[in-house]
Structures are given as structure tokens and as C-alpha cells.
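Visitor: Mind looking at a prediction? Sequence and model below.
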Amino acid sequence: MLSRIADSMFWIARYMERAEETARILDVNYHMFLDQSPQSYRLRWEPLVAIAGEQDRFSGAYAEANAQTVFEFLALREDNPNSITRCLERARENARTIRERISREMWEDINGLYHQVRSFGADEEVHRFCNIVKFGSHRFRGVTDATLTHDESWQFLRTGWALERAEMTARIVDVQYHRLVDRPDVDTDDHHQWMAVLKSVGAFEAYCRLHRSRIEPQAVAELLILHPDHPRSIRFNMTELQGGLRAISGTGVGAYANEAERLTGKLLESLRYGRMSDVFGLGLHEYLTDLQKTCCEIGEQIGRTYFHYGVAG
């Protein structure tokens, strides 16, 4: 496979996943704002910008973080490279350059989603916009699974989806746990805030099935970091990432062919055999910061191994 095709496949998946995850956190927080009175629920919009990693860019464009400014910045701003519209634009451009290697249905789907999102304005309904992005991402993934041969091309998509999702989950847990648990001076309704965290990664129902009591921060962190089967957990996605990398290189169990595989295997083993008591013993913030750095390094090593240059997300 040509390196440019592998590169485009990898980044189509990452940009699509990034757009979906951003739409999820926007939609959930917007609805929590509507459902609660200002007296009982004080929504903080700054964490959404922190999760996206764009605090400096945001503060340079807006005086304060509120529902309108955060939605405009994370959803529509052309000068924010991680806004939903920019992510979909970059995903579409990557798909356009390799149209001969993807199915017609994939191209039509991603092209249609891009134009649908571009037609929205800042004054239109937030929930409808976010739903279009979320379900458009789900549809594209389903179309891809159903129409693209599951060869090396598909494996690069698989690795992109898994790496992006693992990184986003780590950022969400890190930012929200620090704000709600490590900063008791912040006036928030913990139950509703943790409900928002779970809903933003599609894990609220799974949590309720596992735990039939009040939402506990440590249990939320355990579900989203160490659970082996939930599709949004870090462990699940690192397993997917390892499977994709091994399928590309042909490496067997217990071995690695390159640095990206070595780092992935090392991190995955720590997730498989680690316990939350160990994580909290190290410090959750420090643990997740190191995990995000490792994910970044894995992405760079995938780029050096298969795309012939270092990749920055």
C-alpha cells in the first residue's frame, strides 16, 4: 500500500472520531444546561475547551466561555483546527484524495455530511447540529465496515479510530475528575456533572447496569479507563489499536515489529493488569497525563513507520 493512502485512511478515522466526540460533549452539556435551573446547576463551559486542548486559542478569540461562544468555537470556527467543521473538512479532503481506494458509498456519505454541516449557522439549533454529526459519524463507520474490504486500508482506519477515542476519553476523565473532585471550591452538582461525563462518552446506561447506586467518581474512572468491553474505555481501544497494528505488520502475539507496537503493548499490559488503587496511588492526573503522552508518541511512531514523517494531531 502507498504511504499516502495509509496516511489518509488513518486521519480520516481520527478526524471523524474527533468531530463526533466534540459533538457529544457539546450536546450533553447544552442539554444539562437546559434541564437544570441556574440556582441548582451552574454549568461551567471552560472544561469543554480544555478537553479539546484549545484554551489559548479560545482565550484569544473570546472574553468568556458560555454556551454561545463555546459552541461557535468548537463547532463552527474556521480558525480552530479542531472544530467540528474543520475536522469534517479535513476528513473529506483526505477521502477525496483517495477516492479510488474507498467505496462509492463512503465518499457519498462523508461528502454529504460535510455539506450538511457546512450549511449550519451559529444561530441554529445546537441539538440538531450535534445529532447530525453524531449519527453521521455512526453511519459513516457502518458504511465503511459494510462496503470496504477489511484489508490494510481498513486496519489503518481501525487504528485511527481507536487511538483518537482513547485519547479523548483520557482527556475527558482527566479534566472532569480534576474539576469535580480535586477542586472542592468549585460549586457544582456532582451527580448531574458525572451523569454528563458518562453521557458524553455514551456510557451512562452501561454504568447504571454495573452500579445500581449513586454515581461515584472512582467507579466512573474505572469504567472509562480499565473496563475490557466498553467501546469507549481506554483499555478497549488500546486493545483495538494493538489488533490493528498487528494486522498491518503481521506480528504475532508476544512480539512487536516497531516502536508503535511496543508502546501500545506496554500500555495495554498496564491497563490489563492494573487496578484503580494503583492508578489513584500514582495520582489520576499524573497517570492520565502520561497516558496521553504515550498515545501522542504512538501516533508519531505510526507516522514514522508507515507515513515516512512524524505526525502531530
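Guide: Here it is on my side, so go on.

Visitor: Pull out the buried positions in stretch 278-296.
Guide: Using 16 or more other Cβ atoms under 10 Å as the test for burial, stretch 278-296 gives Val279, Leu284, Tyr287, Leu288, Leu291, Gln292, Thr294, Cys295. Heads up, the C-betas are built off the backbone N, CA and C, glycines and all.

Visitor: Need those in JSON lines (columns: secondary structure and distance to Gln301).
Guide: Shown next, in JSON lines, are the buried residues of stretch 278-296 (DSSP: H, G, I helix; E, B strand; the rest coil; distance: Cβ to Cβ, whole Å):
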{"residue": "Val279", "secondary structure": "helix", "distance to Gln301": "24"}
{"residue": "Leu284", "secondary structure": "helix", "distance to Gln301": "26"}
{"residue": "Tyr287", "secondary structure": "helix", "distance to Gln301": "21"}
{"residue": "Leu288", "secondary structure": "helix", "distance to Gln301": "20"}
{"residue": "Leu291", "secondary structure": "helix", "distance to Gln301": "15"}
{"residue": "Gln292", "secondary structure": "helix", "distance to Gln301": "15"}
{"residue": "Thr294", "secondary structure": "helix", "distance to Gln301": "10"}
{"residue": "Cys295", "secondary structure": "helix", "distance to Gln301": "11"}
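
Visitor: quick check: longest helix of this structure.
Guide: helix 3-35 (DSSP state H).

Visitor: Only the buried residues of that one, if you could.
Guide: 5-30, 32-33.

Visitor: what does stretch 97-111 give?
Guide: Ile98, Arg101, Ile102, Met106, Trp107, Asp109, Ile110.

Visitor: Same question for stretch 119-139.
Guide: Result for stretch 119-139 [16+ other Cβ under 10 Å]: buried residues Phe120, Val126, Phe129, Cys130, Ile132, Val133, Lys134, Gly136, Ser137.

Visitor: what pLDDT does the residue lying closest to the last one once chain neighbours are set aside get?
Guide: Distance criterion Cβ to Cβ, 6 or more residues apart in numbering; nearest residue to Ser137, sequence neighbours excluded, is Glu20 at 3.7 Å. For Glu20, the pLDDT comes out at 97.

Visitor: Might one say that Glu20 is in contact with Phe135?
Guide: No - look at Glu20 against Phe135 with Cβ atoms under 8 Å: they stay out of range, at 9.2 Å.

Visitor: got the CA positions of the lowest-mean-pLDDT helix or strand in the chain in PDB?
Guide: Ranking every helix and strand in the chain by mean pLDDT, DSSP states H and E puts helix 190-200 at the bottom, with a mean of 80. Taking C-alpha atoms only, helix 190-200 is exported to PDB below (Å, rounded to 0.1, in the frame of the first residue of the first chain):
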ATOM      1  CA  ASP A 190     -21.700  16.400  41.300                       C
ATOM      2  CA  HIS A 191     -24.400  13.800  40.400                       C
ATOM      3  CA  HIS A 192     -25.500  15.800  37.400                       C
ATOM      4  CA  GLN A 193     -22.000  16.600  36.300                       C
ATOM      5  CA  TRP A 194     -20.900  12.900  36.500                       C
ATOM      6  CA  MET A 195     -24.000  12.000  34.600                       C
ATOM      7  CA  ALA A 196     -22.900  14.400  31.900                       C
ATOM      8  CA  VAL A 197     -19.500  12.900  31.800                       C
ATOM      9  CA  LEU A 198     -20.900   9.400  31.300                       C
ATOM     10  CA  LYS A 199     -23.400  10.600  28.700                       C
ATOM     11  CA  SER A 200     -20.700  12.400  26.800                       C
END
